[in-house]
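# Pasting the sequence and the predicted model now:
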Amino acid sequence: PHVFERVRANGQVIELLGRALPGGGYVTSYSDITDYKRVERELREVNETLEQRVELRTREAEAAQQSKTRFLAAISHDVLQPLHAARLFASALNEGGDAEEQRRLASRMDASLRAAEELLDGLLDISRLDAGVLQPTLSDFDAADLLRELHAQYAPTAAQRNLDLRVHAPSSVPVHSDRRMLRRALQNFIGNAVRYAQAGGVLLAARPRGDGFSLEVWDTGPGIPTNHLEQIFEEFHRFDQPGERGQRGLGLGLSICQRISSVLDHPLQVRSEVGRGSVFSIRVPRASAPLTAAPPQRMAMDSHDASLHGLRVLCVDNDPEILAGMRALLGRWGVDVTCASTVDDALLLGREHPEVLLVDYHLHDRLDGLDTLDALRVECGDVPGALLTADGSDALKRSARLRGYRVLTKPIKPASLRAFLASVRAEVAPPNP
């Protein structure tokens, strides 16, 4: 048979099928195969697209494997470096020496461990952001208050380094964002600025830009060459410029900022001039409605100046080293500490009516930390409690908040722990006559 296809002007496809008849003659049939040809064309396109997608995914997988190899090599070095330094300082401390030398070595060891802690915190943030565990909780709030809080947080460090830390913002900066994520991004900007600016100052600014605000951190640091501006957002990439006292960043902060920017859909921008300084900014949309005035917060007492002497605290953890460390730290603050390594021991000690409960989440016992806190409250009343955990998932934090407990994420910063205890002491302390 002879087969011929004809495409008409309106797109219709006609198939002509002709064949000779046995006794002579010729017959031709006409069939509308438009739908068939459309399906055939779509299948061909799907197949071509599938091949392209497979090729793209293969390249992505190969790139991810190479990135993972570089990542593991970098993290092995960056985690081991501060731990190795801390071990050397600890060994030197064990050798003895005068009190001033011991204080100096202890300070250096603390700085090394703090660097390792910050690195692990950064890695946890990156893994949660990449895995989609950290989901934004968007709300309207005043970013001017946030800038003032960050100013108060970093002012002591800036003053220690003879830097002028200032805030330049309108009295109210109503924005729509996730306050916690936005704070973390700004903290990374400010931390870098304070670390690398060896003279001059750091400015925290909020400027109206179209339908939103640009939250900016200006510094008088060494500046970043133009060819490095794109690379600084990569993990473990650090412009080779040590800060004061030879300190260097961990190469994770700006990578975290970029991920937060992507999750929140808040564009990042960086401008820099070598020898003059840098400006890092994040663009945040304006609040969708006028902000309602927040009720004034009761300022009971400064957390760091509050006396914790005699505060009865029950610590529950299955790790004896952690309990020993908590006993040593809290004891120096004048806290009356009791420790339990099992749930049953904790319930027995609960009869002594502690004023605060500090309970680890992973107890490897018949109850986890949250259920242990509930059981202790049944035993000793409605006592303030905090859950200590390395699991920073939003689900666990929500569960703890619903039960009325504070979450302190490991590794716990002594300042955060002291602030929590001081807030409890302020609530239970009798009013001044």
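Thanks, I have the structure now.
# Show me the helices in the stretch 251-400 of the chain, by range?
With DSSP state H, counting those that start in this stretch as the criterion, the stretch 251-400 of the chain has helices at 253-264, 320-332, 343-349, 369-380, 394-402.
# Now do the buried residues in the last one.
Pointing back at helix 394-402 there. Leu396, Lys397, Ala400 (16 or more other Cβ atoms under 10 Å). The way it works is simple: take the backbone N, C-alpha and C, and place the C-beta from them, glycine included.
# can you put the helices of the stretch 251-400 of the chain in CSV and add mean pLDDT and distance to Phe89?
Formatted as CSV, these follow (pLDDT from 0 to 100; distance: least, Cβ to Cβ, whole Å):
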stretch, mean pLDDT, distance to Phe89
helix 253-264, 83, 25
helix 320-332, 87, 17
helix 343-349, 94, 35
helix 369-380, 93, 32
helix 394-402, 88, 34
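# Would you list the phi and psi of the closest residue to Phe189 other than its chain neighbours?
Spatially, and ignoring its direct neighbours in sequence, Phe189 is nearest to Val217 (3.9 Å; Cβ to Cβ, 6 or more residues apart in numbering). Note on Val217: its backbone torsions stand at phi -130, psi 110 [degrees, to the nearest 10].
# Please report the distance of Val217 from Val202.
7 Å (Cβ to Cβ, to the nearest Å).
# Between these two, which contacts overlap?
Counting by Cβ atoms under 8 Å, 6 or more residues apart in numbering, the common neighbours of Val217 and Val202 are Ile190, Ala193.
# so how far is Arg327 from Ser107?
From Ser107 to Arg327 the distance is 22 Å (Cβ to Cβ).
# Of the two, which one has the most company?
A count of neighbours by other Cβ atoms under 10 Å puts Arg327 above the other of Ser107 and Arg327, at 16 against 11.
# nearest residue to the more buried one other than its sequence neighbours?
Nearest residue to Arg327, sequence neighbours excluded (Cβ to Cβ, 6+ apart): Val337, at 5.0 Å.
# Can you give me the pLDDT of that neighbour?
On pLDDT, Val337 comes in at 94.
# That one pairs with what?
Val313 (DSSP bridges).
# Can you classify Thr28 as helix, strand or coil?
Under DSSP: H, G, I helix; E, B strand; the rest coil, the three-state class of Thr28 is strand.
# now it, nearest residue through space, not along the chain?
Counting by Cβ to Cβ, 6+ apart, the residue nearest Thr28 is Gly18, at 4.2 Å.
# Can you show me the CA trace of the helix or strand in which that neighbour is found as PDB?
In this structure, Gly18 is located in strand 13-20 according to DSSP states H and E. C-alpha atoms of strand 13-20 as PDB (Å, rounded to 0.1, in the frame of the first residue of the first chain):
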ATOM      1  CA  VAL A  13      -3.900  15.700   9.400                       C
ATOM      2  CA  ILE A  14      -5.400  13.400   6.800                       C
ATOM      3  CA  GLU A  15      -3.900  10.000   6.000                       C
ATOM      4  CA  LEU A  16      -4.300   8.700   2.500                       C
ATOM      5  CA  LEU A  17      -4.000   4.900   2.100                       C
ATOM      6  CA  GLY A  18      -4.000   3.600  -1.500                       C
ATOM      7  CA  ARG A  19      -3.700   0.000  -2.800                       C
ATOM      8  CA  ALA A  20      -4.200  -1.800  -6.100                       C
END
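# so what secondary structure elements neighbour it?
Judged by 3 or more Cβ pairs under 8 Å, 6 or more residues apart in numbering; DSSP states H and E, the packing partners of strand 13-20 are strand 2-7, strand 26-32, helix 34-94.
# can you tell me which of those the model trusts least?
helix 34-94 (a mean of 72).
# isn't Asp336 right up against Gly310?
Yes: here Asp336 lies in contact with Gly310, judged by Cβ atoms under 8 Å, at a distance of 5.9 Å.
# between these two, who's got more neighbours?
Neighbour totals were compared for Asp336 and Gly310, and Asp336 leads with 16 against 10 (other Cβ under 10 Å).
# Start from the N-terminal end of the stretch 151-300 of the chain and give the strands.
164-168, 174-177, 201-209, 212-219, 268-273, 277-285 (DSSP state E, counting those that start in this stretch).
# just checking, what packs against the second one?
In this case it means strand 174-177. strand 139-142, helix 143-160, strand 277-285.
# Pull out the buried positions in the longest one.
Buried residues in helix 143-160, counted by 16+ other Cβ under 10 Å: Ala143, Ala144, Leu146, Leu147, Leu150, His151, Tyr154, Ala158.
# Now do it, average pLDDT.
88.
# same check, this time on the last one
The pLDDT scores in strand 277-285 average 94.
# That one pairs with which strands?
strand 212-219 (antiparallel), strand 268-273 (antiparallel).
# Same question for the first one.
Note on strand 139-142: by DSSP bridges, its sheet partners are strand 174-177 (antiparallel).
# what's the partner strand in contact with?
The contact list for strand 174-177, computed with Cβ under 8 Å, 6+ apart, reads 136, 138-143, 182, 212-213, 264, 266, 284-288, 290-291.
# Buried residues in it, which are they?
Of all the residues in strand 174-177, those buried under the rule 16+ other Cβ under 10 Å are Pro174, Val175, His176, Ser177.
# Could I get those residues in a markdown table, plus columns for distance to Thr409 and pLDDT?
Formatted as a markdown table, the buried residues of strand 174-177 follow (distance: Cβ to Cβ, whole Å; pLDDT from 0 to 100):
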| residue | distance to Thr409 | pLDDT |
| --- | --- | --- |
| Pro174 | 29 | 94 |
| Val175 | 25 | 95 |
| His176 | 26 | 95 |
| Ser177 | 21 | 94 |
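# Check those and tell me the two furthest apart.
Maximum pairwise distance among the buried residues of strand 174-177 (Cβ to Cβ): 10.6 Å, between Pro174 and Ser177.
# ok, how many other residues are close to Ala426?
Ala426 has 15 nearby residues by other Cβ under 10 Å.
# ok so it is a strand residue?
No: counting by three-state DSSP, Ala426 is not found in a strand; it is helix.
# just for the stretch 151-300 of the chain, where's the confidence low?
231, 233-253, 293-300 (pLDDT under 70).
# how does it look with 90?
For the stretch 151-300 of the chain, the stretches flagged by pLDDT under 90 are 152-161, 180-181, 183-185, 187-188, 191-199, 221-263, 273-276, 288-300.
# just to revisit the earlier point, now render the helices of the stretch 251-400 of the chain as CSV, adding distance to Glu55.
Shown next, in CSV, are the helices of the stretch 251-400 of the chain (distance: least, Cβ to Cβ, whole Å):
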stretch, distance to Glu55
helix 253-264, 25
helix 320-332, 50
helix 343-349, 55
helix 369-380, 48
helix 394-402, 36
